[in-house]
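Q: give me a 3D structure for the following:
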Amino acid sequence: MVLSEAPYHLTALQGAAEIEFQHHDPHAQANLERILSLDPDEPTAHAMLGVLAFERRDCPTAIQYFAKATPNLGQNNLVLWQYGQCLFQVREAEDAAQIFRQLLNLDPTNEAVRFNLALSLFEANLYPETIDTLTPLATGELPEPGVFR
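A: Numbering: from 1, shown residues only. Below is the predicted model of the structure:
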């Protein structure tokens, strides 16, 4: 089925939106919004719109979309990272910490995630957990200089 023949056919819209999204085509936004008009709970469309909002540096909008896609973000490290970044930027430190914890569970060796988790915990006034989170960076084989400065 060609999208021009059935502009509101969900499967055709999903295929077109995925291709457009992958190729950074400006039509992706419109097709993703059309998908949500047909299926308001479609998590992939929410996640993709969240990424587009993140790329525009519109964190409040990105957070709204990511929140609706949350159960399906599970293993997508890039989208989780963007969600955590936006939560931190809008000063939702505890929520950001929750996302960064999830990311750290997926990859315990990721020092950038560990550091962002620590920043989120610090901003949330969770100091003991901040120290626990940073300790591996300071005591590892190659300690990060200045972690505890």
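
Q: send me stretch 70-81 as PDB with only the CA atoms.
A: C-alpha atoms of stretch 70-81 as PDB (Å, rounded to 0.1, in the frame of the first residue of the first chain):
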ATOM      1  CA  THR A  70       8.500   4.900  28.900                       C
ATOM      2  CA  PRO A  71       7.600   1.200  29.100                       C
ATOM      3  CA  ASN A  72       9.000   0.700  25.700                       C
ATOM      4  CA  LEU A  73      12.200   2.600  26.200                       C
ATOM      5  CA  GLY A  74      13.600  -0.200  28.200                       C
ATOM      6  CA  GLN A  75      16.700  -1.200  26.200                       C
ATOM      7  CA  ASN A  76      17.200   1.900  24.000                       C
ATOM      8  CA  ASN A  77      20.200   3.500  25.600                       C
ATOM      9  CA  LEU A  78      20.200   6.600  23.400                       C
ATOM     10  CA  VAL A  79      16.600   7.500  24.000                       C
ATOM     11  CA  LEU A  80      17.000   6.800  27.800                       C
ATOM     12  CA  TRP A  81      20.000   9.000  27.800                       C
END
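
Q: residues of that stretch that come out buried?
A: By 16 or more other C-beta atoms under 10 Å, the buried positions in stretch 70-81 come out as 70, 73, 79, 80, 81. The way it works is simple: take the backbone N, C-alpha and C, and place the C-beta from them, glycine included.

Q: that stretch: how far from the chain's middle?
A: Centroid separation for stretch 70-81 versus its chain: 6 Å, with C-alpha atoms, centre = their mean, to the nearest Å.

Q: and for it, what's in contact with it?
A: In this structure, residues lying in contact with stretch 70-81 by C-beta atoms under 8 Å, 6 or more residues apart in numbering are 43-44, 47, 50-51, 66, 69, 83, 99, 102-103, 106-107, 113.

Q: show me where the protein has its helices.
A: 10-22, 27-38, 43-55, 59-73, 77-89, 93-106, 111-123, 127-139 (DSSP state H).

Q: want to try JSON lines for those, with mean pLDDT as columns?
A: Formatted as JSON lines, these follow (pLDDT from 0 to 100):
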{"stretch": "helix 10-22", "mean pLDDT": "91"}
{"stretch": "helix 27-38", "mean pLDDT": "94"}
{"stretch": "helix 43-55", "mean pLDDT": "95"}
{"stretch": "helix 59-73", "mean pLDDT": "92"}
{"stretch": "helix 77-89", "mean pLDDT": "96"}
{"stretch": "helix 93-106", "mean pLDDT": "96"}
{"stretch": "helix 111-123", "mean pLDDT": "96"}
{"stretch": "helix 127-139", "mean pLDDT": "92"}
